[in-house]
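Participant: The following comprises the amino acid sequence and a computationally predicted model.
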Amino acid sequence: MTIEAIERRVAQAIEDAGRAKDSVTLIAVSKVQPLDRLRHVLDSGHRVFGENKVQEAQGKWPDLRADFPDVTLHLLGPLQTNKARAAVTLFDAIHTVDRLKLVTTLARLAQERGQCPELFIQVNTGAEPQKAGILPQDADSLIAAARAEDLPVRGLMCIPPADEDPVSHFTLLREIAARNDVSDLSMGMSSDFETAIAQGATHVRVGSAIFGERVPV
Ligand SMILES: *Cc1c(COP(=O)(O)O)cnc(C)c1O
């Protein structure tokens, strides 16, 4: 689908949910997509993008940003502490804060730089062993630890198990956010972003529905 068609579906889902017009940010997930597809979406006027890997993003976004300086960039993939400095330099938001060591590293960088990207705590709502994210029962203490370091905890993020109904995961994420007074929810991808918006998502992360299937590199 075109970016315009996805924007229309997002707007419709917002309206159906009776929510405010600008309450959801559509993040176009451009990982592993050819540059011409990316430029096409930029030319259409969209400015919010997501990437999974620091190194891949470093390879393409500095040049694209020279042409489109108002782009905002969200990191959606796991972040190793040794890439944290590069990540805070390049990204406006990081959705994958999921452990104390990363919190500590980001706090040190924030202090040193006098600024910090907006942070989302990733919660492993399905408690899947192979998946990143803090376990639901440990989320409150990680949020508290980040706040104790004066880090800006903008929201929570989850990736529900692929073979399950996402609604219970979206609900769990919303409950953890509510009891911790966290305002934003990064949830919903190509297959379920309308459901996520109905459940309160403030950020949906849509890749293949916009760009087509990812071309393997
Ligand atoms: C790739 C990815 C997306 C987008 O997935 P699609 O199914 O292509 O929309 C969203 N969030 C994360 C964390 C991803 O890695």
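Facilitator: Looks like it came in fine.

Participant: Only C-alpha atoms from now on, for both contacts and neighbour counts.
Facilitator: Noted.

Participant: can I assume A139 is in contact with F120?
Facilitator: No - taking CA atoms under 8 Å as the definition, A139 is not a contact partner of F120, at 11.4 Å.

Participant: And A145, how far from the ligand?
Facilitator: 23 Å (CA to the nearest ligand atom, to the nearest Å).

Participant: Can you name the next helix or strand after the helix or strand that contains that residue?
Facilitator: Using DSSP states H and E, the element containing A145 is helix 139-148. Using DSSP H and E, the helix or strand that directly follows helix 139-148 along the chain is strand 153-157.

Participant: does any bit of whatever helix or strand comes next after that following strand sit next to the ligand?
Facilitator: Next helix or strand after strand 153-157 toward the C-terminus (DSSP H and E): helix 167-179. No - using CA under 6 Å from any ligand atom, we find that helix 167-179 stays clear of the ligand, coming within 13.8 Å at best.

Participant: ok, now stretch 36-50?
Facilitator: No - using CA under 6 Å from any ligand atom, we find that stretch 36-50 stays clear of the ligand, coming within 8.0 Å at best.

Participant: What parts of this structure come near the ligand?
Facilitator: Residues of the chain lying near the ligand (CA under 6 Å from any ligand atom): 29, 52, 76-77, 189-190, 205-209.

Participant: what pLDDT does V215 get?
Facilitator: Looking at V215, its pLDDT reads 66.

Participant: ok, back up a step: which secondary structure elements does the helix holding A145 sit against?
Facilitator: Packing contacts for helix 139-148, counted by 3 or more CA pairs under 8 Å, 6 or more residues apart in numbering; DSSP states H and E, involve helix 100-113, strand 153-157.

Participant: how far does it sit from the chain's center?
Facilitator: Relative to its chain's centre, helix 139-148 lies at 19 Å (CA atoms, centre = their mean, to the nearest Å).

Participant: Stretch 58-68 now?
Facilitator: Using CA atoms, centre = their mean, the offset of stretch 58-68 from its chain centre is 19 Å.
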